[in-house]
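>>> A structural model of the following input is requested.
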Amino acid sequence: MSGSNEHGGTGAALAPLLAVRDLTVERGGRIVVEDATFSVGPGELVAVVGPNGAGKSSLFSALLGLIPSSGSVELAGAFAYVPQHGPSQLSFPVTAFDVALMGAYRRVGLLRRAGREERARALQALERVGLADRARSPFGELSGGQRQRVLLARALVQQGSVLLLDEPLSGVDAVSEEAIFVALAAERSEGRSALIATHDLAFARGRCTQALLLNRRVHSSGLPKEALTSVTLRAAYGERLVVLEDLGLIDEGSHHHEGEHGHEHAHEHGRDDHDHGQHGHAH
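Model (predicted):
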């Protein structure tokens, strides 16, 4: 999907950061992702769109190496991951800074104290998401949108070349949504890319540089205005799609909680590909 476009994506001459070929995932005896093939260039913001149960979370889990899959994934650098939710016990005594600093554990290890460089990076990440002034605030006392921004800051501390964000805008207020988008724009300007699992078709069409329409298989990919047409969306969503003349296309099932065979969120640590070199794996 790499290539230049009106949303500000990068040129086709640049090598992709991520190249996925024939990726297939089977869970519980059923294929949930089949022969997915796509690539992501530097600076791209890719909307991964599809109905509940389409395989979006399974795709992310397979990319992170957390569940078995076949096919190949070639990644220049490392993944960083943003789940839908943070620590489940909001009363747990950790601050926004503590959560952001957790992103450094992959490099320094769980048993070694984070040094000055890692702590500075955590503060910089909180500043990027607009929460530097809330660094010492208890994580559980932040609003839902602010907590999601802290989780993004934690991912930024991981210094991945490709960010995977699982429904980061779900239930997020307008201020936090804009802050997330601004932070991602800054990351993209530095050559990193992001894949966002989303139900928001207006966001995918209006703010993303590329779109990947998934329902078990990849129905279409490319520029959002070309990949997310009424024809391709009806093919992927079926009867769940409602066409409204003034409001666009709405997924009737998008308000339901997504859980693909009991696995909703990929683990936060993900695949650890060091030194931003070209890595591949065949399953």
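>>> in space, what's closest to G191 - neighbours in sequence excluded?
Nearest residue to G191, sequence neighbours excluded (C-beta to C-beta, 6 or more residues apart in numbering): P42, at 4.6 Å. Where you see a C-beta, it was placed from the backbone N, CA and C, and this is true even at glycine.
>>> G77 is in contact with that neighbour, correct?
No: shown here, P42 and G77 do not form a contact pair, counting by C-beta atoms under 8 Å, at 10.1 Å.
>>> please identify every residue contacting each of the two.
Residues touching both P42 and G77 (C-beta atoms under 8 Å, 6 or more residues apart in numbering): L17.
>>> which strands or helices does the helix or strand containing E178 pack on?
Per DSSP states H and E: E178 is located in helix 174-189. Packing partners of helix 174-189 (3 or more C-beta pairs under 8 Å, 6 or more residues apart in numbering; DSSP states H and E): strand 45-49, helix 116-128, helix 144-157, strand 193-198.
>>> give the rounded mean pLDDT of the third one.
Translated: helix 144-157. Over the span of helix 144-157, the pLDDT mean works out to 95.
>>> what angle separates it from helix 116-128?
Calculated by axes from the mean of the first three to the mean of the last three C-alpha atoms, to 10 degrees, helix 144-157 forms an angle of 140 degrees with helix 116-128.
>>> contacts for helix 144-157?
By C-beta under 8 Å, 6+ apart, the residues outside helix 144-157 that reach it are 80-83, 85-86, 96, 99-104, 118, 121-122, 125-126, 128-131, 134, 139, 142, 163, 165, 168, 171-173, 175-177, 179-180, 183-184, 187, 268.
>>> what about G222, neighbour count?
Counted by other C-beta atoms under 10 Å, the residues lying close to G222 total 16.
>>> report the beta-bridge partner residues of it.
In this entry, G222 is beta-bridged to A211, by DSSP bridges.
>>> which pLDDT value goes with it?
Here the pLDDT value assigned to G222 is 96.
>>> who's in contact with it?
Neighbouring residues of G222 by C-beta under 8 Å, 6+ apart: 1, 210-211.
>>> how far away is A185 from E178?
Taking C-beta to C-beta, to the nearest Å as the criterion, A185 is separated from E178 by 10 Å.
>>> so where is the stretch 101-250 of the chain shaky, pLDDT-wise?
Counting by pLDDT under 70, the stretch 101-250 of the chain contains low-confidence residues at 107-114, 240-250.
>>> my read: L14 touches G41, true?
Yes: because the distance of 5.5 Å satisfies C-beta under 8 Å, L14 is recorded as touching G41.
>>> tell me which of the two has more neighbours.
Between L14 and G41, G41 has the larger neighbour count (other C-beta under 10 Å), namely 25 against 15.
>>> which pLDDT value goes with that one?
For G41, the model assigns a pLDDT of 97.
>>> was I right to think it contacts S161?
No: contact criterion C-beta under 8 Å: G41 and S161 do not qualify, at 11.3 Å.
>>> joint contacts of the two?
Common contacts of G41 and S161 (C-beta under 8 Å, 6+ apart): 17, 193.
>>> hey, where'd the helices end up in the stretch 1-150 of the chain?
Counting by DSSP state H, counting those that start in this stretch, one finds helices in the stretch 1-150 of the chain at the ranges 56-63, 96-101, 105-108, 116-128, 144-157.
>>> please compute how far the last one lies from its chain's middle.
It stands for helix 144-157. Distance, stretch centre to chain centre, for helix 144-157: 12 Å (C-alpha atoms, centre = their mean, to the nearest Å).
>>> downstream of that helix, the next helix or strand is which one?
strand 162-166.
>>> counting contacts, what elements does that following strand pack onto?
The contact analysis (3+ C-beta pairs under 8 Å, 6+ apart) places strand 162-166 against helix 56-63, strand 79-82, helix 144-157, strand 193-198.
>>> nearest to E239 among the ones you listed would be which one?
Proximity to E239, assessed across these by C-beta to C-beta, is greatest for helix 56-63 (19.5 Å).
>>> which elements pack onto the closest one?
Packing partners of helix 56-63 (3+ C-beta pairs under 8 Å, 6+ apart): strand 18-27, strand 30-40, strand 162-166, strand 193-198.
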